[in-house]
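**Q** let's see this in three dimensions:
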Amino acid sequence: MKTNCLYYRFICLFFLVSLLACNKKDAPVPDIAPVSKESALKALTQLSGGDAAVPLSWYQLELKLIKESTGFSPPVAARAIAYTGITLHEVVVVGKRGPALSGQLNGLQYVPTPERWKKYNWAIAANSAMAQIIRNLFPNASVENLNLITQLENDNLQALSDSCTQDVTTRSINYGKLVASAIYQWSTTDGGKDGYLNNFPTDYIPPVGPGLWIPTPPAFQRAMLPYWGNNRPMVKPSTPDLADIQPPAYSTDTTSTFYQAAHFVYQTRKTLTPEQTLIAKYWADGGGTFTPPGHLLAITAQLVNDQQLDLEAAATLFAQVGIGLNDAGILCWKYKYQYNLLRPITYIRANIDSSWAPLIGTPPFPSYTSGHATFTGATGYILAAYFGNSFSFTDNQKVPEGFVPRSFNNFLDMINEAAISRVYGGIHYQFDSETGKQTGKDIAGRVLALKY
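**A** Coordinates of the predicted model:
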C-alpha cells in the first residue's frame, strides 16, 4: 500500500479515536463519517505496511485510556507509557536475541525469554503482551474501555493468526503474557503503582514561608503528587542528580533576578502576539487531554508510522521514549517539592499587579522545574538520536482539537517551543523552563546509554 494512503488512514483513524475519547463537548473536530468502534479498531491493525501496526494500534488505545481514566495526571501517564514500552521491547527485541533491559533497568533482574529452537510470531507475542500490561496499568478503565482492550486484542490476533500455525500462535500468546506479567510485577515496587488513586494526598502539608508554593486560583487545589519524586527511576544515574540547580534567590526587590523573571512573565502576558498565544494553547495539554507525555507519545507513534519503522525498531524507540518520560516525571517532581517555589500568579499578584491572570490555568504543584520542558527535553533528544538532529517533521496530533498541524525544522525547535509555551501561558518563569530542558537532556543521555 502506498505510504500516502497509509498516512491518510493513520490520520483519519487517529481523528476517530480522538472523537471517541474527547471529553470536551465544544471542541471543534473534523467532519468524519460515522464509523463503528468495531470497524475502527479492526482497521487499526492494518495501519502500517509492516507489523509495527500492532504497537501503533495499542498506543492509540492507550492515549484514549489516559484521557478517560481518572487520575492519569502527567507523571502517572508517563509511568504507564514507560511500562508499556518496556514490555514491548522485552518481547520483541529480546525475542529476536537482542539486548535485554533486564539487568540494566533499576530493579529489573529477570524477564522470561523464549524457548530456543522454537518458532514465534513476534507481532502476536507483542499483541498479547501489550493487551495484558495495559489491562494491568489501567485497572480503573471503564467497562467500555476494558471491552475495547479485549476487542483490539482479538482483532489484531485475527489479522495475524493466518500467517502461522496454531502451535506458533499459542506459544507466542503465552510468551507475551509471561513477559507482561514479569514487567507488571516489577512495576508494583516502584512507588507509583497507586498514583492514579491518590494524586492529592491529604497527609501532605506544604512548607510555609516567603517564596514558597501555595495553592493557586481559581480552584486552590491541594498539592499534586508531592511524593512522586521519591519513586524509583528506571535508569539509575551513574552520578547523582544535579546537586546545585537552585532557582534564583527569592526576592521582592525590583532590581533582583527573581523580580525581573516574574516581571518578564507579567509583561509577556500583556503583550502576547497571536503566534505566542497559539503556542501557549497548543502545548497546554491540560486536564481531560492525553497530557504532555501522551502528546509526545503520539508524536513518536506518528513518526514510527510515517517512517515505516519495522516492529523491532519501533519497539526500541517506544521503550526509550517511555523510559525517558517516566524518569523525567520523577526527577522533575523531585525538584518541584525539593524547592517548593511559588507560581508566577502568586508572586505577580502580591508584588506587581493584584488583578493579573495567566492565559492558561496554573497546575496545582510548585513551579520549579517545568514539567513540559523536562518531558519534551527528554523525548526530543531521544528522537533526535534516532532520526537525526536535522530531521524536520509536522505534528498532526492536535488537529482533532481544532489546531492546524504544526511543523518543526528539528527536535530542538520542538523542545524550545514546548518549554517557552509555559512562559507564554503565564504559569512558569523562564528559569523553570531552561533548567527543565537541561534535566530532560540529561535524562535522555542516561536512557540512550543503555544497550538496546
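
**Q** rest of the way, CA atoms for contacts and neighbours
**A** Fine.

**Q** all strands for the protein, in order.
**A** Assigned by DSSP state E, the chain shows strands spanning 393-395, 406-408.

**Q** for the first one, what is the distance to the chain centroid?
**A** By that I understand strand 393-395. Centroid displacement of strand 393-395 relative to its chain, using Cα atoms, centre = their mean, to the nearest Å, is 17 Å.

**Q** list the buried residues of that strand.
**A** Phe393, Asp395 (16 or more other Cα atoms under 10 Å).

**Q** give the partner strands of that strand in its sheet and their orientations.
**A** Using DSSP bridges, the strands paired with strand 393-395 are strand 406-408 (antiparallel).

**Q** what mean pLDDT does the partner strand get?
**A** Taken as a whole, strand 406-408 carries a mean pLDDT of 98.

**Q** what of stretch 384-397?
**A** 98.

**Q** straight-line length of that stretch, end to end?
**A** 19 Å (Cα to Cα, to the nearest Å).

**Q** got it, and stretch 109-118?
**A** 24 Å.

**Q** how far away from the center of its chain is it?
**A** 29 Å.

**Q** ok, back up a step: Gln158: which of the strands of the chain is closest?
**A** strand 393-395 (31.5 Å; Cα to Cα).

**Q** what residue ranges in the stretch 151-300 of the chain score low on pLDDT?
**A** 238-244 (pLDDT under 70).

**Q** could you pull out the helices for it?
**A** For the stretch 151-300 of the chain, the helices defined by DSSP state H, counting those that start in this stretch occupy 166-187, 257-270, 274-282, 291-306.

**Q** re earlier: so which of the strands of the chain is nearest Trp356?
**A** Counting by Cα to Cα, Trp356 lies closest to strand 406-408 out of the strands of the chain; the figure is 29.7 Å.

**Q** pull out the buried positions in that closest one.
**A** Here strand 406-408 shows Phe408 as buried, counting by 16+ other Cα under 10 Å.

**Q** can you list contacts of it?
**A** Ser392, Phe393, Thr394, Asp395, Asn396, Met414 (Cα atoms under 8 Å, 6 or more residues apart in numbering).

**Q** follow-up on the earlier one: now the strands of the chain in CSV, with distance to Thr435?
**A** Formatted as CSV, the strands of the chain follow (distance: least, Cα to Cα, whole Å):
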stretch, distance to Thr435
strand 393-395, 25
strand 406-408, 22
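
**Q** now, of the helices of the stretch 151-300 of the chain, which is deepest in the fold?
**A** Neighbour counts (mean count of other Cα atoms under 10 Å) averaged over each of the helices of the stretch 151-300 of the chain peak at helix 291-306, with a mean of 22.

**Q** span of stretch 109-122 from start to end?
**A** Distance across stretch 109-122, first residue to last, is 22 Å (Cα to Cα).

**Q** averaged pLDDT, it. What do you get?
**A** On average, stretch 109-122 scores 95.

**Q** the longest helix in the chain is where?
**A** helix 311-339 (DSSP state H).

**Q** what comes up buried for that helix?
**A** 311-337, 339.

**Q** and the angle from it to helix 291-306?
**A** 160 degrees (axes from the mean of the first three to the mean of the last three Cα atoms, to 10 degrees).

**Q** heads up, I number from 897, so please use that
**A** From this message on, residue numbering opens at 897, which makes the last subject helix 1207-1235.

**Q** which helices and strands sit right next to helix 1207-1235?
**A** helix 970-991, helix 1187-1202, helix 1267-1283, helix 1326-1344 (3 or more Cα pairs under 8 Å, 6 or more residues apart in numbering; DSSP states H and E).
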